[in-house]
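# Pasting the sequence and the predicted coordinates here, then a few questions.
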Amino acid sequence: MTSSNDDAATPSNVAQHQAAASQASQPLVPGSLLAAWVIGPYLVVQTLALAYFATLTAFASDGQSLAKWLVFLPEPLSVFVAELTEDNFRSFQRNAIATCSAGLGGAVFMLREFYLNFAYGKKRLGQKRLFLRAREIPRYVLLPFSSCILGPIGLALLQAGAIVFAGFSAGKDIPQFTTIAVCFLLGFSYHDTLGGLRDLSKKFWGGRAGDRKTTKH
């Protein structure tokens with residue numbers, strides 16, 4: 001019995017208990033109010049703007065009607081949209097909806113991250129809980145913008161048949177709601193999407209390298 005008590009009272013155990021007690025007694029550092037006032041309104045405005053533009057684009061019948069609704073567009077861009085032919089407008093419409101859907105996915109993802117990090121903080125193993133910091137502002141600002149790029153990529157993969165659903169195949173017209181759902185998910189799972197694209201590019205370039213080796217032989 002005495003040996004077990006001695007083992008429990010070793011200096012290393014005492015130091016660990018003291019460190020845990022001191023860490024528990026330390027007050028939690030609140031999140032940056034500057035980051036909250038910059039990131040929160042920015043993400044809300046960006047989400048509403050993307051939803052507004054996507055809705056108007058989806059219901060527009062041609063470029064002229066869309067140009068009339070988008071009164072905030074600069075005049076050169078408004079003239080460009082108004083002068084689009086029917087075929088060009090349909091292509092523009094599909095790509096614009098895909099871009100906005102992916103951007104909305106990224107914005108919703110960052111809204112969730114903003115809420116969790118500001119309200120509850122992020123706790124890593126062996127470290128104290130970290131709340132929202134001002135140096136994270138560029139990440140919250142730029143990720144929704146960069147996720148917009150995934151929209152046309154997702155649309156191209158759908159049309160090429162790289163993303164396949166039951167009843168759809170490459171070369172067929174993709175339903176609008178399918179484009180919206182897929183591109184939104186690509187933007188929402190931003191990091192997973194980049195990982196998938198990285199794996200896809202490795203397979204592509206790996207296959208090309210294998211073809212070159214067989215051609216040389």
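That came through fine. Numbers count the residues shown, from 1 in each chain.
# May I see the buried residues of the strand or helix carrying Arg94?
Here Arg94, judged by DSSP states H and E, is contained in helix 86-119. Across helix 86-119, burial judged by 16 or more other CB atoms under 10 Å covers 89, 92-111, 113-114, 117-118. C-betas here are computed from N, CA, C, even on glycine.
# How much space separates the residue nearest the centre of the chain from Ser201?
For the chain, the residue lying nearest the average C-alpha position, counting by CA atoms, centre = their mean, turns out to be Gly106 (2.9 Å). If you measure Gly106 against Ser201 using CB to CB, to the nearest Å, the figure is 21 Å.
# didn't Leu104 look like it was pressed against Thr47?
Yes. Using CB atoms under 8 Å as the test, Leu104 is close enough to Thr47 to be in contact (6.5 Å).
# re the thing from before, pull the distance from the helix holding Arg94 to the chain's centre.
For helix 86-119, the separation from the chain centroid amounts to 8 Å (computed by CA atoms, centre = their mean, to the nearest Å).
# which residues does Leu158 contact?
Listed by CB atoms under 8 Å, 6 or more residues apart in numbering, the contact partners of Leu158 are Phe168, Ile174, Thr178, Thr179, Val182.
# Out of these, flag the one nearest to Leu43.
The shortest separation between Leu43 and any of these is 22.3 Å, and it belongs to Val182 (by CB to CB).
# Count the neighbours of the closest one for me.
22 (other CB atoms under 10 Å).
# Then Leu150?
For Leu150, the neighbour count with other CB under 10 Å is 28.
# Surely it is in contact with Thr193?
Yes. Applying CB under 8 Å, one finds Leu150 in contact with Thr193, separated by 5.7 Å.
# Now do the shared contacts for these two.
Leu186, Gly187.
# which regions of the protein lie under the pLDDT threshold?
Per-residue confidence for the chain (pLDDT under 70) gives these ranges: 1-31, 124-127, 162, 164-172, 207-217.
# where exactly do the helices run in it?
In the chain, the helices defined using DSSP state H lie at 2-8, 11-25, 33-59, 63-69, 75-82, 86-119, 137-148, 150-160, 176-188, 190-216.
# So which of the ones you listed is nearest Lys128?
Of all the helices of the chain, helix 11-25 comes closest under CB to CB, at 6.4 Å.
# in stretch 72-79, what's buried?
Residues of stretch 72-79 classed as buried under the neighbour-count rule (16+ other CB under 10 Å) are Leu73, Ser78.
# just how off-centre is that stretch within its chain?
Relative to where its chain is centred, stretch 72-79 has its mean C-alpha point 28 Å off (CA atoms, centre = their mean).
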